[in-house]
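K.L.:
need a 3D model of the sequence below.
(chains A and B)
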Amino acid sequence: MTGTLFRFATAGSVDDGKSTLVGRLLHDSKAILADQLEAVARTSAERGFGDGTGFDFALLTDGLRAEREQGITIDVAYRYFTTGARSFILADCPGHVQYTRNMVTGATTADAVVVLIDGRKGVLEQTRRHLSVVALLRVPHVIIAVNKIDLLGYDEQAFIEVDADVRRVTAELGLDDVHVLPVSALEGDNIVTRSDRTPWYDGPALLELLEQLPSLDELETELDAFRLAVQLVLRPQGGLASDVASDPERAESFRDYRAFAGRIGSGRVRVGDRVSVFPSGIETTVAGIDQAGASLDEAVAPQSVALRLADDIDAARGAVIVETGTLPEGRRDVDAELFWLDPRPLLPGARVLVKHGTATVQALVASVDSKRDLDTLAHEPAETLEANDIGRARLRLAAPLPLEPYGANRHAGSFLVIHPADGQTLAAGITEQ
Amino acid sequence: MTEIVTAGGRVAPEAPTTGGRVAPEARIEATHIEQGGLDTRAGARYSTTRGSELDALDVLESEAIHIIREVVAEFERPVLLFSGGKDSVVVLHLAAKAFWPGRVPFPVLHVDTGHNFPEVLAFRDATVERLGLRLEVASVQDYIDDGRLHERADGTRNPLQTQPLLDAIAAGRHDAVFGGARRDEDKARAKERIISLRDEFGQWDPRNQRPELWSLYNGRHTPGQHVRAFPISNWTELDVWSYIERENIPLPGLYFAHEREVYRRDGMWRAVGEVSPPRPNETVELRTVRYRTVGDMSCTGAVESDAADVAGVVREVAQSTLTERGATRADDRISEAAMEDRKKDGYF
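P.N.:
Okay, the predicted model is just below:
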């Protein structure tokens, strides 16, 4: 233990063999234990899977009764395995069109997305849609697993054709870090180790690739300008923790303690750094970085810390502490790309809530401007957005938010659209400029 | 470069480290409650990270602290389900870190089945007292005594916890309930959100969950609804044990190898106790065992083990071929959907 953490999502159309792939990955990395295997073998036999002697890997990932009964996957399932070098969090996303929202859920936190395609069928409409979501949400790495290579006789030419197809689509969508692998989830080719049956393929196996790719934090979050959204102000006064309170001298030194608690959204911060506070714009210096009793000289995204500042400034939940010189502008009019997730359509004039960082403000939908053709990503005119649509809308906010382009800083450029009455999450939003 | 930082904020001279963590000799094994406690001074002794990489535990810890702070900031009356079991102990430790140097700003709630291990109850009470917390207890026994609940034929009381839990949440007007559930424990839990909405009957609707996007948690709810918040959703059993080792977190002694009178039932070692007597055909033996989970005595089994300390348990868990629930929970063996059905009814 423990290595680094890497989050990835898997997506694919029905029957591409995604459950088999996930099951294979977990099984071959020894993340599935004997009692789970036994339960799956028992249920597979009861259902007569593969003449009653087969092993239905899908049973490992379908968690809900309705899923097992209907043989479909409804919701994102999270799976965990480790190889020593890395601990993996796998968000297994359903492939059905009507559950695109789960693809969005999986993709927003992913360092990589593995999109599965059936090598015999090539790129399908749904593959394009999954890749569109991945492109718009700027998932750093895209891995296309061309599955069922065994059924193609491990033929290099067949793979080359699919590979060319895939690369044409990913180029159109503007995806740049794309890895295309020939695999057989059923036979285990190129999943954990390189297969002898594809000698013409000289790239890494899927798991090798997942172990090597840099994470989102390494690639950009740590490198972006420092931002910390204040979650709450720690000012214990009389309510000191017992380890502090039990020592009168120590308790006295914490009497006027005041620190701004939050998770570093991006960048790094050192004691002595000049910082500015949104929205007031006041500048001050970082006097201390505390992490539960430990004083750090430096902290980096995504650490949760408490910052002590040199001056007694006014900042509450919703404020953002940033590196001086990079103070974002407060914005009340926002052009956003919305991933509409709710069954109720978005109509112009709607009143909603926008949650950004630790701030939630009221908003008015000034206009719905267009929606994307999910095959080409081209904009077409639209008056409304319906479930699973991705489109542009203009929002007018009741108070300014420090929204930045999603492409420049994903924490600062992402938000939720929430129903003001029932609290449902209506959409995932990203700011364009 | 790594360095050890002490609680007072003073940087100690460079201490021997291994792989960015405190070296074993610099650590004190705390397996008994007498040896200190859930104390941030112990937690303060891990190394800070220099360079670009935080390890998986650093990231999981930061994620959990972020979740705990979000819930405290956005809800009025949170409460933490605290049984003295390792997962809830870890969540409480994370809460202590989240609000240090302040006290944990919410009470803890224990649903007492009446079948708890006495050692675990003692640990619970000592922990609560040390941290200056308020403990709310919902007693299954009270419900059985006055006829609101009836003992099941199989004697297990886990499914009986739901009603006392929901009543206690209502009585305390708690709008957020922290739990130590992890997604790697069970297939239904693998699908539950970190912030999970429950209706006025405490029910979970798995087919209508809110999408959870980025690290933006939506805890909005209407009167009567509440949320369950699971800060260690993304931790595995091995993560929990590695963290306990790294942070030197004390646990009830049951988790470590000890000699105990046990008998074999359903492929598990069951402790001889008032609520779990052996049947006439079952042979009582003295074995060296430990518990991987410490729930209801009447349905929780022990495993044979010689892991006498945290490091031993970490090694054992890393090599285990059984899941912790599969190895030790009789109630989860009832059906494929045992956990899902309990959760839909309002269980943890």
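K.L.:
what about stretch A:271-288, near chain B?
P.N.:
Yes - Stretch A:271-288 comes into contact with chain B (Cβ under 8 Å from any Cβ of the partner chain), by way of residue A:288. All C-beta spots, glycine's among them, are computed from the backbone N, C-alpha and C.
K.L.:
in that stretch, what's buried?
P.N.:
A:271, A:273, A:275-279, A:282, A:284, A:286, A:288 (16 or more other Cβ atoms under 10 Å in any protein chain shown).
K.L.:
what ranges do the strands span in the stretch 151-300 of chain B?
P.N.:
Listed in chain order, the strands of the stretch 151-300 of chain B (DSSP state E, counting those that start in this stretch) span B:176-178, B:195-198, B:226-229, B:258-265, B:268-271, B:285-290.
K.L.:
weakest of those in terms of mean pLDDT?
P.N.:
For those, the weakest mean pLDDT is recorded on strand B:268-271, namely a mean of 86.
K.L.:
and it, what does it pack onto?
P.N.:
Other elements packing on strand B:268-271 under the criterion 3 or more Cβ pairs under 8 Å, 6 or more residues apart in numbering or on different chains; DSSP states H and E are strand B:258-265, strand B:303-304.
K.L.:
if you set the cut-off to 10 Å instead, what comes out?
P.N.:
Applying 3 or more Cβ pairs under 10 Å, 6 or more residues apart in numbering or on different chains; DSSP states H and E, we find strand B:268-271 packed against strand B:258-265, strand B:285-290, strand B:303-304, helix B:324-328.
K.L.:
how far does the first one sit from the chain's center?
P.N.:
In this view, strand B:258-265 has its centroid 23 Å away from the chain centroid, taken as Cα atoms, centre = their mean, to the nearest Å.
K.L.:
any buried residues in that strand, and which?
P.N.:
B:258, B:260, B:262-263.
K.L.:
that strand pairs with which strands, and in what direction?
P.N.:
Here strand B:258-265 has these sheet partners by DSSP bridges: strand B:268-271 (antiparallel), strand B:285-290 (antiparallel).
K.L.:
any chance of those in CSV, plus mean neighbour count and distance to residue A:114?
P.N.:
Compiled in CSV, these are given as follows (neighbours: other Cβ atoms under 10 Å in any protein chain shown; distance: least, Cβ to Cβ, whole Å):
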stretch, mean neighbour count, distance to residue A:114
strand B:268-271, 21, 38
strand B:285-290, 16, 38
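K.L.:
ok, the buried residues of strand B:258-265 vs residue A:21, which is closest?
P.N.:
Taking Cβ to Cβ as the measure, residue A:21 lies nearest residue B:262 of those, at 41.6 Å.
K.L.:
chain neighbours aside, what residue packs nearest to the closest one?
P.N.:
residue B:269 (4.2 Å; Cβ to Cβ, 6 or more residues apart in numbering or on different chains).
K.L.:
how about the strands paired with strand B:258-265 in CSV, adding distance to residue A:377?
P.N.:
Putting the strands paired with strand B:258-265 into CSV (distance: least, Cβ to Cβ, whole Å) gives the following:
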stretch, distance to residue A:377
strand B:268-271, 55
strand B:285-290, 56
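K.L.:
show me the one of the ones you listed that comes nearest residue A:386.
P.N.:
strand B:268-271 (51.7 Å).
K.L.:
what's that closest one in contact with?
P.N.:
Applying Cβ atoms under 10 Å, 6 or more residues apart in numbering or on different chains, the contact partners of strand B:268-271 are B:117, B:254, B:260-264, B:276-278, B:282, B:284-285, B:287, B:289-291, B:297-305, B:326-330, B:333.
K.L.:
quick one: which of the helices and strands packed on strand B:268-271 is nearest residue A:186?
P.N.:
helix B:324-328 (25.9 Å).
K.L.:
and the longest helix anywhere in chain B, anywhere near chain A?
P.N.:
As assigned by DSSP state H, the longest helix anywhere in chain B is helix B:56-74. Yes - against chain A, helix B:56-74 shows contacts by Cβ under 10 Å from any Cβ of the partner chain at B:56-70, B:72-74.
K.L.:
same question for stretch B:94-111.
P.N.:
Yes - using Cβ under 10 Å from any Cβ, stretch B:94-111 reaches chain A at B:94, B:96-105.
K.L.:
helix or strand right after the longest helix of chain B?
P.N.:
strand B:78-81 (DSSP states H and E).
K.L.:
so what touches that following strand?
P.N.:
Counting by Cβ under 10 Å, 6+ apart, residues outside strand B:78-81 touching it are B:68, B:71-72, B:87-88, B:91-92, B:95, B:104-111, B:133-134, B:136, B:138, B:161, B:165, B:168-169, B:172-181, B:226-229, B:231, B:348.
K.L.:
what ranges do the strands span in the stretch 301-433 of chain A?
P.N.:
Under DSSP E, counting those that start in this stretch, the stretch 301-433 of chain A gives strands at A:304-309, A:320-323, A:331-340, A:351-356, A:359-372, A:379-381, A:390-401, A:414-418, A:425-431.
K.L.:
got CSV for those, with mean neighbour count and distance to residue A:128 too?
P.N.:
Below are those laid out as CSV (neighbours: other Cβ under 10 Å; distance: least, Cβ to Cβ, whole Å):
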stretch, mean neighbour count, distance to residue A:128
strand A:304-309, 23, 38
strand A:320-323, 23, 37
strand A:331-340, 20, 16
strand A:351-356, 20, 29
strand A:359-372, 19, 11
strand A:379-381, 11, 16
strand A:390-401, 20, 13
strand A:414-418, 26, 23
strand A:425-431, 25, 19
